[in-house]
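1. need coordinates for the below:
(2 chains)
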Amino acid sequence: MKRVEAIIRDEKLSGAKEALKALGVAGMTVTEVKGHGTQKGVTEVYRGRQYSVDLLPKIKIEAVVEDNDVKKVTDAICEVSRTGSIGDGKIFISNVEDVIRIRTGESGAKAV
Amino acid sequence: MRKFSYISILMMVFMVVASQTGWADDATLDTGDNAWILTCSALVLLMSPGLAFFYGGMCSVKNINNMIMMIFLCMAIISVQWVFWGYTLSFGPDYGHFIGGLGMAGLHGITPDSLSGTLSEYTFIAFQATFAIITLGLILGAVEGRMKFSACMVFIPLWATACYDPVCHWVWGGGWCADLGILDFAGGTVVHINSAAAALALCLMLGKRKNANIRPPANVPMIALGAGLLWFGWFGFNAGSELAADGRAAFAWVITNTAAASAAFTWIVCEWIHRGKPTLLGMASGAIAGLVCITPAAGFVGPLGAVQMGIMAGIGCYFACVKMKAAFGYDDALDVVGVHGVGGTIGAFATGLYCTKFVMGPDGVDGVFIGWGAEGFHQLGMQVVGFLATWAYAFAVTIVICFIVKYTTGLRTTQEAEDKGLDLSLHAEAAYHLETESTGTLK
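-> Numbering: from 1, shown residues only, chains lettered A, B, ... in the order given. The predicted model follows:
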């Protein structure tokens, strides 16, 4: 099992959710985060004071999927989230040792 | 019997004569005037919490409680200071055209039957108390994030006594400004220039915050809410300064609103041209700048004067906030100098340009742009004398008070307190607990 952790633009969340639903991904966790990669910050002006904002709001979607589903999930997320400009985001894939369904106590692949 | 009817005829003759000369008029309570000014007292008092929200929303979220609390502290302290010695120093019998005496300390000698013009004297006391309260509140916008709360507790009564009460006496209590015919309808000098000069002195004595602690406004809708409450209360501030429920009060309402609207619009146009986008903070600030500017003039100028003064305030205060503060480098956190100082000065000056006998009556003055005559230039000169004297006096006295506070309670918080935010450091009280589950729980 793998954790797919995708950091995408705020406004791409609804598209990404739809895409994951269409693929049959059962669950996901969504967090509002701030950060940057190579994307430069922006300048905000409030009554003459300029503020450099280099931690930009993004959305993080985490989903745990079977190993052989990873490619189609990441392809789908990339397709809906890509704009071509710097700041589109990144996907990190890591191993998951185990998954437990709290309601039933099941573990392993059955619990994903 | 004959003696009785002789005396009663004499009394009737006296009353007829007295009513012609106006003696009898001044000696009676006008319930309309009294009701209006009591209402205005509530409106102006509401401006203090309104100011607290206006300033609070501009703070970093870690200082929001502290800012609002400092202004409530003004309500708590000045309400009592006014009764015990503030009122008498401001409005008591004159000493040297500088200050009133202490004869009415504790409101001694005043009863429910005492009158001030056509008002109960308590109505006048109440109304004027709210002006003293908000003047102190205005100063504190400059000190966000770095002033000790104990310092505030000492500063507030000292400043009211040494600075507000004398200047109030000069202009409204029969002091030298009134003698010179300086026009200040509702407090351009007494409230706005006075507090701005103090704010400048205080923020210079406090020093600047670290750049890392200067943050964007935490809650812009709260700023707009505060501005709305201020705009509403300002009708009490300006239209109430007529001290009567008459046509001139209603005219002052119209003039006040016109100037506020004109300045709000002008500010966002300036912003749009200068920065590319109009903002809500800009619109709220513009409205307040217009209200500040029209304050000395509300009962003296006409609608065209009001529109033009609003435009001057919109442009002048916009550039004061956006350029002047950065150029001079003082840390006036919430632009008290830029809005109240510059706006009040423009207003005091422009009163000499636009005052008109149309509003003031034949005993009034036609300003420079109205009468194009010598009396207008003379009035303009007097206006300049008034605002220069207020700037100088308030700045100097505030510096002295700052030294007193510095060497008693201390003026500035520690660097750690500033970094952590004053809500947690000075008050151990967070402004918000918006999470449902990860807050603290009952012990």
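2. give me the buried positions along the biggest helix by length in chain A.
-> Determined from DSSP state H, the single longest helix within chain A is helix A:70-81. Of the residues in helix A:70-81, those scored as buried under the neighbour-count criterion (16 or more other Cβ atoms under 10 Å in any protein chain shown) are A:Val70, A:Val73, A:Thr74, A:Ala76, A:Ile77, A:Cys78, A:Val80, A:Ser81. Yep, even glycine has a C-beta here, placed from its N, CA and C like the rest.
3. secondary structure class for B:Phe265?
-> In terms of secondary structure, B:Phe265 is helix; the call rests on DSSP: H, G, I helix; E, B strand; the rest coil.
4. and the pLDDT at it?
-> Turning to B:Phe265, the model gives it a pLDDT of 98.
5. any idea how far it is from B:Met147?
-> Distance from B:Phe265 to B:Met147, counting by Cβ to Cβ, to the nearest Å: 35 Å.
6. more neighbours: these two, which one.
-> Here B:Phe265 and B:Met147 are compared on neighbour count by other Cβ atoms under 10 Å in any protein chain shown; more neighbours surround B:Met147, at 26 against 19.
7. with adjacent residues omitted, what lies nearest to that one?
-> Here the nearest residue to B:Met147 in space, its sequence neighbours aside, is B:Leu206; by Cβ to Cβ, 6 or more residues apart in numbering or on different chains that works out to 6.2 Å.
8. residues touching that neighbour, list them.
-> B:Val143, B:Arg146, B:Met147, B:Asp331, B:Leu411, B:Arg412 (Cβ atoms under 8 Å, 6 or more residues apart in numbering or on different chains).
9. just among those residues, which is most surrounded?
-> For the contacts of B:Leu206, neighbours were counted using other Cβ under 10 Å, and B:Val143 has the most, 28 neighbours in all.
10. chain A against chain B: which residues are in contact?
-> Among all residues of chain A, those adjacent to chain B (criterion: Cβ under 8 Å from any Cβ of the partner chain) are A:Glu44, A:Val45, A:Tyr46, A:Arg47, A:Gly48, A:Arg49, A:Tyr51.
11. got the phi/psi numbers for whatever residue of chain A ends up closest to chain B?
-> Of the residues in chain A, the one nearest chain B is A:Gly48, at a distance of 3.3 Å by Cβ to the nearest Cβ. Dihedral angles phi and psi of A:Gly48 (degrees, to the nearest 10) take the values phi 90, psi -20.
12. and the strands in the chain, which stretches?
-> Using chain A. Secondary structure of chain A (DSSP state E): strands located at A:2-9, A:29-35, A:42-46, A:49-53, A:56-65, A:89-95.
13. not what I meant, chain B
-> For chain B, strands defined by DSSP E occupy the ranges B:94-95, B:99-100, B:115-116, B:119-120.
14. partners of the first one, with directions?
-> Using DSSP bridges, the strands paired with strand B:94-95 in its sheet are strand B:99-100 (antiparallel).
15. swap in the last one?
-> Sheet partners assigned to strand B:119-120 using DSSP bridges are listed as strand B:115-116 (antiparallel).
16. next, count neighbours for the spatially closest residue to A:Arg82 that is not a sequence neighbour.
-> For A:Arg82, the nearest residue in space outside its immediate sequence neighbours is A:Asp88; the separation is 5.5 Å by Cβ to Cβ, 6+ apart. Per other Cβ under 10 Å, the neighbour tally for A:Asp88 reads 16.
17. where does chain A dip in pLDDT?
-> In the predicted model of chain A, no residue satisfies pLDDT under 70.
18. count of residues packed around the residue of chain B found nearest chain A?
-> At 3.3 Å from chain A, B:Val322 is the closest residue in chain B, using Cβ to the nearest Cβ. Applying the criterion other Cβ under 10 Å, we find 20 residues in the vicinity of B:Val322.
19. that older thread, turn the contacts of B:Leu206 into CSV, columns for distance to B:Val384.
-> Conversion of the contacts of B:Leu206 to CSV gives the following (distance: Cβ to Cβ, whole Å):
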residue, distance to B:Val384
B:Val143, 29
B:Arg146, 34
B:Met147, 32
B:Asp331, 29
B:Leu411, 32
B:Arg412, 35
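20. nearest to B:Val292, of those residues?
-> Distances from B:Val292 to the contacts of B:Leu206, taken as Cβ to Cβ, are shortest for B:Val143 (19.1 Å).
21. the closest one reaches B:Leu204, doesn't it?
-> No: judged on Cβ atoms under 8 Å, B:Val143 makes no contact with B:Leu204 at a distance of 11.1 Å.
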